[in-house]
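Visitor: quick one: sequence and predicted model below, then my questions.
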Amino acid sequence: MITDNKTCKAEDIEYKIKYSGRKTMGISIHPDDGVVVRVPYRTPEKIIQKMIRDKSDWIRKVLEYHGSLKKIDHNKRFSDGESILFMGKENFLKTIPSDKYYVRRSDDNIIEVGFNGRKDPEIIKSILEAWYKNVARKILARKFNEILLKYRNYNFSPSAFSVKTMKKRWGSCTSKGKIAISYDLIRLEEIYSEYVIIHELCHLKHHNHGAEFYKLLSEVFPEWKSVRKKLKTFIR
């Protein structure tokens, strides 16, 4: 019997075992964590392996899907020459020692980061993320106002709008009409922020995903299905 968390392999599928006081067994699959099997303490390994074999077709299908996803903030080393997305275009990171911290984007698709002191990847990352958020608040807020003006005949009346960190969703709309969208949308082509904004504006009229909501969304943004499908291929 296994009593410690460990990594194993069955049917050419690598998986992590996590033991706990739960009473049932379960499998979760995540793009970053991979296959994780959660089981009660002292569950025999052969029982776990049997579950993996029984679910192998489903596991492979999900792993294949995850392999097709595009991670938009995948840069881990934050070293010179790494690719960085900004508004759907590939840019390249250039770091420069400086007496102050700054980010500057040039016309030749270079995002230059000035840093003071030791070149720490975590510091470079935090400087970049702060820059992304600042730029996103300006550009996406302007985009939001443009969309409100463009579709003014629909009388969308949000009570507030904000651009914020949202790792589990791209946008939200509260029952009080407050709309928020993820600053990560600034990394992608403009069509995606347009779709997310319009999606949330439609929730001002219909606070669910029922037939009337999709009827309105299709009227305002006819191509929403294809755009949503592509947006789902991006993960953070």
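Guide: Nice, I can see it.
Visitor: got the residue ranges for the helices in this protein?
Guide: 45-54, 56-67, 121-150, 190-202, 211-220, 224-231 (DSSP state H).
Visitor: could you dump those helices to a markdown table with mean pLDDT?
Guide: Putting the helices of the chain into a markdown table (pLDDT from 0 to 100) gives the following:
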| stretch | mean pLDDT |
| --- | --- |
| helix 45-54 | 94 |
| helix 56-67 | 91 |
| helix 121-150 | 96 |
| helix 190-202 | 98 |
| helix 211-220 | 98 |
| helix 224-231 | 97 |
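Visitor: return the most buried member of the ones you listed.
Guide: Each of those was scored by mean neighbour count; the highest is helix 190-202, a mean of 22, by mean count of other CB atoms under 10 Å. (C-beta placed from N, C-alpha, C; glycine too.)
Visitor: now do that one and helix 211-220, the angle between them.
Guide: Using axes from the mean of the first three to the mean of the last three CA atoms, to 10 degrees, the inter-axis angle of helix 190-202 relative to helix 211-220 is 140 degrees.
Visitor: give me the contact list for helix 190-202.
Guide: Helix 190-202 is touched from outside by 87-88, 140, 143-144, 147-148, 151, 154, 156, 158, 170-173, 179-182, 185-186, 213, 216-217, 220-221, 224, 227-228, 230-231, 234, with contacts defined as CB atoms under 8 Å, 6 or more residues apart in numbering.
Visitor: quick one: distance of it to the chain centre.
Guide: Chain-centre distance of helix 190-202: 15 Å, with CA atoms, centre = their mean, to the nearest Å.
Visitor: based on its surroundings, how many neighbours for residue 162?
Guide: Using other CB atoms under 10 Å as the criterion, residue 162 is surrounded by 14 other residues.
Visitor: gap between it and residue 171?
Guide: Taking CB to CB, to the nearest Å as the measure, residue 162 and residue 171 are separated by 11 Å.
Visitor: in TSV: the helices of the chain, plus distance to residue 110.
Guide: Listed next are these as TSV, based on distance: least, CB to CB, whole Å:
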stretch	distance to residue 110
helix 45-54	46
helix 56-67	30
helix 121-150	13
helix 190-202	21
helix 211-220	37
helix 224-231	27
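Visitor: how near is the residue lying closest to residue 228 once chain neighbours are set aside to residue 185?
Guide: Once its chain neighbours are removed from consideration, residue 228 has its nearest residue in residue 195; the separation is 6.7 Å (CB to CB, 6 or more residues apart in numbering). For residue 195, the distance to residue 185 (CB to CB) stands at 9 Å.
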